[in-house]
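# sequence and predicted structure below; questions after.
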Amino acid sequence: DAKTTQPPSMDCAEGRAANLPCNHSTISGNEYVYWYRQIHSQGPQYIIHGLKNNETNEMASLIITEDRKSSTLILPHATLRDTAVYYCIVRATGFQKLVFGTGTRLLVSP
Amino acid sequence: DTGVSQNPRHKITKRGQNVTFRCDPISEHNRLYWYRQTLGQGPEFLTYFQNEAQLEKSRLLSDRFSAERPKGSFSTLEIQRTEQGDSAMYLCASRQGSQETQYFGPGTRLLVL
């Protein structure tokens, strides 16, 4: 079973920041937080991951709370092409499989 | 394009037929994964290879399913005697052993009639 909880859907206006929350209250010390997204009919696309520090790359920022029980993925300027299902996953180092939940369906509108 | 590739992208078959899918991982990625995704659900893990060795299999992988990675490069997933419940997207992912991130291919969408 997935170890994360996400809202089933969210809306965002184009050009605004999209903030996608994830709850992982049972996370262990050696588990990373990963974010993937899946655009309709495509394979999942890696976005970002982190352990306890906040992370930023060209796609997004990941903010992890100090107690590591929740995190937020931030898309700073959402575009229509960011419409997708976003998955938050926790995985321990050395543990092979990714356990996906049902994710958050983000709809970016003009 | 140097990403993970999968062939075919779509497959329609009749119940009872055998099908085989191929996955070509990113060059030099020694870890390879198969997942299955049904409509409205997230991907579910099926099996994992490190080089040519199949090291982990999900209980979802029934006796009708077999996966190989004979030379530690490309992999095949075969489903024998397909059933309508096998209709799904079959996804392949790969990663380099020294890194943590799995990269996914575009998937093969199977429809069993």
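Structure received.

# contacts and neighbour counts: CA atoms only from here.
Will do.

# which residue packs closest to A:Ser9, ignoring adjacent ones?
A:Arg105 (4.4 Å; Cα to Cα, 6 or more residues apart in numbering or on different chains).

# separation between that neighbour and A:His77?
Shown here: A:Arg105 relative to A:His77, a distance of 17 Å by Cα to Cα, to the nearest Å.

# now do A:Gln42
In terms of Cα to Cα, A:Gln42 sits 22 Å off from A:His77.

# number of nearby residues for the residue nearest to A:Ser9?
Using other Cα atoms under 10 Å in any protein chain shown, the number of residues around A:Arg105 comes to 21.

# who are the contact partners of residue 87?
If you meant another chain, say so; for now it's chain A. Counting by Cα atoms under 8 Å, 6 or more residues apart in numbering or on different chains, A:Tyr87 touches A:35-37, A:100-104.

# wait, chain B
Contacts of B:Ser87 (Cα under 8 Å, 6+ apart): B:38, B:109-112.

# quick check on those: which are buried?
For the contacts of B:Ser87, a burial check counting by 16 or more other Cα atoms under 10 Å in any protein chain shown picks out B:109-112.

# so which residues on chain B come close to chain A?
Applying Cα under 8 Å from any Cα of the partner chain, we find that chain B lies next to chain A at B:33, B:40-45, B:48, B:91, B:100-107.

# quick one: A:Arg81 is in a helix?
Yes: assignment of A:Arg81 by DSSP: H, G, I helix; E, B strand; the rest coil places it within a helix.

# once you drop chain neighbours, what's closest to it?
The nearest residue in space to A:Arg81 (Cα to Cα, 6+ apart) is A:Val108, at 7.9 Å.

# for that neighbour, list the residues it contacts.
Going by Cα under 8 Å, 6+ apart, A:Val108 touches A:11-14, A:78-83.

# so which of those is the closest to chain B?
Closest approach to chain B among the contacts of A:Val108 (Cα to the nearest Cα): A:Thr83, at 15.6 Å.

# in the contacts of A:Tyr87, which residue is surrounded by the most others?
A:Gly103 leads the contacts of A:Tyr87 on contacts (other Cα under 10 Å) with 26 neighbours.

# A:Cys88 is in contact with that residue, correct?
Yes: counting by Cα atoms under 8 Å, A:Cys88 is a contact partner of A:Gly103 at 6.8 Å.

# bridged to A:Asp11, which residues?
A:Leu107 (DSSP bridges).

# mind checking pLDDT for it?
pLDDT recorded at A:Asp11 is 97.

# cool, and the one 10 residues further on?
In the predicted model, A:Pro21 carries a pLDDT score of 97.

# what comes up buried for stretch B:70-78?
By 16+ other Cα under 10 Å, the buried positions in stretch B:70-78 come out as B:72-78.

# get me the contact residues on chain A for chain B.
Taking Cα under 8 Å from any Cα as the contact definition, chain A meets chain B at A:41-46, A:93, A:96-103.

# buried subset of these, written for PyMOL?
Command for PyMOL that selects the buried part of the residues of chain A next to chain B, burial taken from 16+ other Cα under 10 Å:
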select buried, chain A and resi 42+43+44+45+46+96+97+98+99+100+101+102+103
